[in-house]
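1. Okay, sequence plus prediction incoming.
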Amino acid sequence: MATLADVARRAGVSPATASRVINGSSKPVAEELRERVLRAVADLRYVPNAHAQLLARPQRSVVGVIVHDVSDPYFAEVTRGLQRVATEHGRLLIICNSYRDPERELEYVELLRAQQVAALILAGSGYHDDGFTQRLNEKLAAYEATGGRVAVIGRHDHAGDAVMPANETGAQLLGEELVRLGHRRIGVIAGPRVLTTTTDRLGGLRRALAEHGCPLHDDRIRYAGFDRDGGAAATAELLDAAGDLTAIVALNDSMAVGALAELRRRGVAVPGRVSVAGFDDMPIAGDVTPALTTVRLPLVELGSRAMTLALERAGDRARVEVLPAELVRRASVGAAPPD
């Protein structure tokens, strides 16, 4: 494999001049020398060393992103937005999956800081864990002190730029829709207790139901993993404990798909006997049978706005953008059946 010295020798220039041309240095190089270096690069099929370029260039070109699980449809959509803006700015993305493990998230922050990434984006829910939050903020502050940029998606209790999905408002819209359709016996499949996303969505739903004289009791809530199997298992528990439910709200679409599967297995008609609603509006929401009523979040835009904030010059004040939620009515929710 050709080296930088080989290129310099073939072009008849110093290694420093060859490096300035190849690594895009701001120091001027005569056009005739530049052409000789580029010809030598082509002739020798020279591939630059990425670590050397990182040190030579005036700006770092890699952005680190920490997500809970990129195979989750929610994060796959968010990552599309992140990737789109990164590509437009000539940036390379490093995607790290924490799998909702706070310790792994802290390790990734350290690893990305060691790689001297230009920016770092946290794209998963925050945690209700004061000790973890303090440790995370200390690591992020140390990274920012070296010139790194941080942006978060969702509520992380980090004093910096953030893009917030309207989780509470979206859940309120869903609760108001169910009450409007006559539902009073409502069960909820929530995500993990420790996640701020779970708290925000559950809080919005509680508020809407309480305002209409329909309080949501704890015995009609089941906490599960944000996935299809968690939704199916939680639905089974709800139905066994409260067989009179007329509606089930899953706090993400993957869990809602699991709820539909369990109801189908039991021969329960949807929405004739029990209505089912989800959250996020994943691509699959419109393809399942019956098509899923859900809350649409602009997931791709969440990613694109977070990447934009991360790459822009930081201002004196943290910027917080809240992106709206929208209720999407489909066939899985109908009027409450008569008693």
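-> Nice, I can see it.
2. these two touch, right, residue 79 and residue 68?
-> No - under the criterion of CB atoms under 8 Å, residue 79 is not in contact with residue 68, lying 11.3 Å apart. To be clear about C-beta, it is placed using only N, CA and C from the backbone, and glycine gets the same treatment.
3. can I see the domain layout of the chain?
-> Annotated domains of the chain cover 4-56, 62-164+300-323, 167-296 [automatic domain parsing].
4. mind listing the strands in the stretch 101-250 of the chain by residue range?
-> Assigned by DSSP state E, counting those that start in this stretch, the strands in the stretch 101-250 of the chain fall at 119-122, 149-153, 161-165, 186-190, 221-223, 247-250.
5. and those as CSV, adding mean pLDDT, mean neighbour count and distance to residue 135?
-> Output for the strands of the stretch 101-250 of the chain, formatted as CSV (pLDDT from 0 to 100; neighbours: other CB atoms under 10 Å; distance: least, CB to CB, whole Å):
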stretch, mean pLDDT, mean neighbour count, distance to residue 135
strand 119-122, 95, 26, 14
strand 149-153, 95, 26, 15
strand 161-165, 95, 24, 19
strand 186-190, 97, 26, 26
strand 221-223, 97, 19, 25
strand 247-250, 98, 30, 32
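6. For residue 116, what are phi and psi?
-> The phi/psi pair for residue 116 (degrees, to the nearest 10) reads phi 60, psi 40.
7. can you count the residues close to it?
-> 16 (other CB atoms under 10 Å).
8. 224 is where my numbering starts, stick with that
-> That works, and once the first residue is 224, the last one we named lands at residue 339.
9. Give me the pLDDT for it.
-> The per-residue pLDDT reported for residue 339 equals 85.
10. Next: residue 488.
-> 97.
11. thinking again about what came up before, residue 555 is nearest to which of the domains of the chain?
-> domain 390-519 (4.6 Å; CB to CB).
12. Quick check: which ranges of this protein have low pLDDT?
-> 247-249, 272-283, 537-539 (pLDDT under 70).
13. go again using 50 as the cut-off
-> Across the chain, the ranges flagged by pLDDT under 50 are 281-282.
14. residue ranges of the helices in it, please?
-> Along the chain, counting by DSSP state H, helices occupy 227-234, 238-245, 254-267, 273-279, 296-311, 325-337, 353-368, 390-403, 419-434, 451-464, 476-488, 522-534.
15. List the contacts of the residue nearest the centre of the chain.
-> Geometric centre of the chain, nearest residue: residue 346, 3.8 Å, by CA atoms, centre = their mean. By CB atoms under 8 Å, 6 or more residues apart in numbering, the contact set of residue 346 is 288, 289, 290, 298, 301, 302, 305, 375, 376, 377, 526, 529.
16. contacting residues around the third one?
-> Okay, so that is residue 290. Taking CB under 8 Å, 6+ apart, one finds 298, 301, 302, 318, 319, 320, 321, 346, 347 in contact with residue 290.
17. Compare the residues you listed and tell me which is most surrounded.
-> Result: residue 301 is most packed of these (other CB under 10 Å), 31 neighbours.
18. How about that residue, nearest residue that isn't a chain neighbour?
-> Among residues not flanking residue 301 along the chain, residue 526 sits closest, at 4.2 Å (CB to CB, 6 or more residues apart in numbering).
19. Number of residues surrounding the one you found?
-> Using other CB under 10 Å, residue 526 has 27 other residues around it.
20. and it, how far is that from residue 316?
-> Using CB to CB, to the nearest Å, residue 526 is found at 10 Å from residue 316.
21. again with residue 467
-> 49 Å.
22. between the two, who's got more neighbours?
-> The residue with more neighbours, out of residue 467 and residue 316, is residue 316; 17 against 10, by other CB under 10 Å.
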